[in-house]
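Enquirer: build the 3D model from these lines:
(chains A and B)
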2 protein chains.
Amino acid sequence: MALARSLRRTNPITIVLASLLAIGFLFFILSPTSTAAFTSQERHDDAAQNPLSPPTKPFRKAQSAAGGRRAPPPVVHYNMNNVTTSGTAANNRERILVLTPLSRFYSEYWENLSKFTYPHQYISLGFIIPKTREGNAAYSALQSAITKTQSGPIDDRFASITILRQDFPPPIQSQDEKERHKLENQKIRRESMSRARNSLLFTTLGPSTSWVLWLDGDIVETPPTLIEDLTGHDKPVLVANCYQRFRNPDTKEMDIRPYDYNSWTDTQRSLEIAKNMGRDEIMLEGYGELPTFRNLMALIADRSPERNTSEIMELDGVGGTALMVKAAVHRDGAMFPPFPFYHLVESEGFAKMARRLGWKCYGLPNYFVRLTPI
Amino acid sequence: MALARSLRRTNPITIVLASLLAIGFLFFILSPTSTAAFTSQERHDDAAQNPLSPPTKPFRKAQSAAGGRRAPPPVVHYNMNNVTTSGTAANNRERILVLTPLSRFYSEYWENLSKFTYPHQYISLGFIIPKTREGNAAYSALQSAITKTQSGPIDDRFASITILRQDFPPPIQSQDEKERHKLENQKIRRESMSRARNSLLFTTLGPSTSWVLWLDGDIVETPPTLIEDLTGHDKPVLVANCYQRFRNPDTKEMDIRPYDYNSWTDTQRSLEIAKNMGRDEIMLEGYGELPTFRNLMALIADRSPERNTSEIMELDGVGGTALMVKAAVHRDGAMFPPFPFYHLVESEGFAKMARRLGWKCYGLPNYFVRLTPI
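Expert: Residues are numbered from 1 along each chain as shown, chains lettered A, B, ... in the order given. Just a heads-up that it's a prediction; the model follows:
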């Protein structure tokens, strides 16, 4: 039923932004209790001077506000030569936009995000939440978490937060694991996810954004240095390896298992399969009935404690669970194709598009982020 | 030489935003001299309440600004159910983002834009200008024009203006008409133009934008009701017919001739040509040595004074000279492919991408906009 409904698509306007919540935070010029690594003077200097500044910058209250009527504001220059993307992002005060499609709110997700060591004043958050009952619950829970953090200690507060609501139901209502991954549902699910990601991206990317971190809403465990670690490699597109904790039925112990099969390299055989596909067919990963013969990053991880987490490999497809992208790659036009693009959709199609634009994609097989355990 | 340089592409970061100029304008709550159709109360109500508002809204000075230190700002809601795209855009106060890649500044372009009858308070402008000597001149001239308009009569002022600088030289230095259109240069030129358009789009599209009007910098003559006329048709993608004034060598009189050949419908024959092309080949329009056999909108216009300017036709490819796009189409992911996409690039590739996303493209063969005359 849910499937039939999604296929109908009578109204092609599938994603319309329904509601936007913007939480702004003013960094106070004088903050006697601040123990920030960045001094209040630095915060002051860093703040946007113009009220029409994009939401990626904290706003500084106009100092001449007391004077009643004002003349039209002067021309304000933002010198964007400093919009770098480098391996030393924090030193250069590079702004990170963390984008999360959210269907359920996990408090562990927020706690993990809150512990990021990258200076929060350079982190903006963007969410897109479906307008479903579950989405409404996620929206409320997220709002509470935001309110708490943004009125908490100054160093914990993020530069800005934007929430978009998707006004159409997701094509597959059930978020049940089995239902979500059925092969026939997967194509529709990932098309819908692509549109959500694109809406979020096109709406929130601003002129001062250096990096975009795509972080799925069910990622509940990452190193707190995730942003520093991923930007540190200074790659246009870089994905971490997503694992899931689970109770191993054999050992009865908690164990981890690979989760995201969307990070891979092509092989001769996988390229041949693609070559023989119909124009609108797509290759999906992780289905026994349709082997792709790709090299999956998920399966070549070194899980030993002494592994080298900096090991890096070039990839042809990437997953979107924890994906760091230079903003310039998106600005060039790389988005998440909701239609088959070289037989690929969503994050895998994005990787192909980035490559068509002349950028390279990479993965960190031994650098783990973890999904909500089951 | 210029060609060789552009092909080198040693650094894939081809478009980095180099400088951003944001001109904000505060709509005064009390404006005794205003003869606006929209009352000052309406302007007040319409203004953004939060300093972190996107630049598509005028900012309203916080009324409690006099009180010294303030508590963290509350959660602010923007009800986006009102982000409609309708045939009665002005009544719904729909926000239009006018995007213009600019290599030369024509004062006639600005004058024409300034005469737009759509309420300027709902119009935001975005420009991208190359970092060349010519670009620098255009940048200065544009700034002067902006400063004049934005400090002029309140009703003439635009909601916000953003200028991006492209920090790489355009691939073909000469803007000479013949040089620009040489077949071998055209592919490179349009790839570069695609990246410029994408940078501009991804950076400026905000949550409250309803429509994006792509208006080339050499369009110097349009009906002042251009926005009302194009939005009035309520189509996802709609292009006007771009003509150029010239002195007819036969009659010695001023005449008009078709200019933009990128708006067309496919024919059986053109589809066959595309089918037999190599994956990375593109079909370009307007070259005798490579006929496409498409139906060109430019050539079927009724040029009589009593023509029906509302006549509308469905299109497979569109030009970017005067192109109205519902923001939802871009948010879905439709951008200007700098790589061959179904053998198409730039605005023609955009049309194909929009169609792949389920949207339809249209043109107005008898509705003329005019390029700088020669």
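
Enquirer: ok now the helix or strand hosting residue A:149, how far from the chain's centre?
Expert: Assessed by DSSP states H and E, residue A:149 sits inside helix A:133-150. Taking Cα atoms, centre = their mean, to the nearest Å, one finds the center of helix A:133-150 at 18 Å from the center of the full chain.

Enquirer: just the CA trace of that helix, in CSV.
Expert: What follows is helix A:133-150, C-alpha atoms only, in CSV (Å, rounded to 0.1, in the frame of the first residue of the first chain):
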residue,chain,number,x,y,z
ARG,A,133,3.8,11.4,13.0
GLU,A,134,7.2,9.9,13.6
GLY,A,135,8.7,13.0,12.1
ASN,A,136,6.7,15.2,14.4
ALA,A,137,8.0,13.3,17.4
ALA,A,138,11.6,13.7,16.1
TYR,A,139,11.0,17.4,15.5
SER,A,140,9.8,17.9,19.1
ALA,A,141,12.6,15.9,20.6
LEU,A,142,15.2,17.7,18.4
GLN,A,143,13.8,21.1,19.4
SER,A,144,14.1,20.3,23.1
ALA,A,145,17.7,19.1,22.7
ILE,A,146,18.5,22.3,20.7
THR,A,147,17.0,24.6,23.2
LYS,A,148,19.0,22.9,26.0
THR,A,149,22.3,23.1,24.1
GLN,A,150,21.9,26.6,22.7
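
Enquirer: so what secondary structure elements neighbour it?
Expert: Counting contacts by 3 or more Cβ pairs under 8 Å, 6 or more residues apart in numbering or on different chains; DSSP states H and E, helix A:133-150 is packed against strand A:17-24, helix A:107-114, strand A:123-130, strand A:160-166. All C-beta atoms are positioned from the backbone trio N, CA, C, and that covers glycine.

Enquirer: is chain B contacted by the shortest one?
Expert: Yes. Strand A:160-166 comes into contact with chain B (Cβ under 8 Å from any Cβ of the partner chain), by way of A:160, A:162, A:164-165.

Enquirer: most surrounded residue in those?
Expert: residue A:160 (27 neighbours; other Cβ atoms under 10 Å in any protein chain shown).

Enquirer: list the beta-bridge partners for that residue.
Expert: Counting by DSSP bridges, residue A:160 is bridged to residue A:24, residue A:124.

Enquirer: now do residue A:369
Expert: Per DSSP bridges, the residues bridged to residue A:369 are residue A:242.

Enquirer: that one - how many residues pack around it?
Expert: 24.

Enquirer: what's the spacing between stretch A:348-368 and its chain's center?
Expert: That offset, for stretch A:348-368, works out to 14 Å (Cα atoms, centre = their mean).

Enquirer: any buried residues in it, and which?
Expert: Neighbour counts over stretch A:348-368 (16 or more other Cβ atoms under 10 Å in any protein chain shown) mark A:348-359, A:361-368 as buried.

Enquirer: what does stretch A:299-314 give?
Expert: residue A:301.

Enquirer: from the rest of the structure, what touches that stretch?
Expert: Residues outside stretch A:299-314 that contact it (Cβ atoms under 8 Å, 6 or more residues apart in numbering or on different chains) are A:229, A:233, A:235, A:238, A:241, A:243, A:256, A:258, A:265, A:297, A:360-368.

Enquirer: what sits against the closest residue in space to residue A:336 that isn't next to it in sequence?
Expert: Using Cβ to Cβ, 6 or more residues apart in numbering or on different chains and skipping the chain neighbours, the partner closest in space to residue A:336 is residue A:194 (4.0 Å). Residue A:194 is in contact with A:335-338, A:345-346, A:349, B:333, counting by Cβ under 8 Å, 6+ apart.

Enquirer: which of those residues lies closest to residue B:117?
Expert: Of all the contacts of residue A:194, residue B:117 sits closest to residue B:333, with 32.2 Å by Cβ to Cβ.

Enquirer: how would you label the nearest residue to the closest one once chain neighbours are set aside: helix, strand or coil?
Expert: When the adjacent residues along the chain are set aside, residue B:333 lies closest to residue A:198, with 3.8 Å between them (Cβ to Cβ, 6+ apart). Secondary structure, DSSP: H, G, I helix; E, B strand; the rest coil: residue A:198 is helix.

Enquirer: just to check, residue A:198 is in contact with residue A:339?
Expert: No. Using Cβ atoms under 8 Å, residue A:198 makes no contact with residue A:339, being 11.5 Å away.

Enquirer: sorry, back to before: give me the angle between the strand or helix carrying the residue nearest to residue A:336 and helix B:183-204.
Expert: Secondary structure from DSSP H and E places residue A:194 in helix A:183-204. Counting by axes from the mean of the first three to the mean of the last three Cα atoms, to 10 degrees, helix A:183-204 lies at 80 degrees to helix B:183-204.

Enquirer: please spell out which residues along helix A:183-204 are buried.
Expert: Buried, per 16+ other Cβ under 10 Å, within helix A:183-204: A:185-204.

Enquirer: of the contacts of residue A:194, which belong to helices?
Expert: Within the contacts of residue A:194, residues falling in helices by DSSP state H are A:346, A:349.

Enquirer: closest one of the residues of strand A:160-166 next to chain B to chain B?
Expert: Using Cβ to the nearest Cβ, residue A:160 comes nearest to chain B of those, at 5.1 Å.
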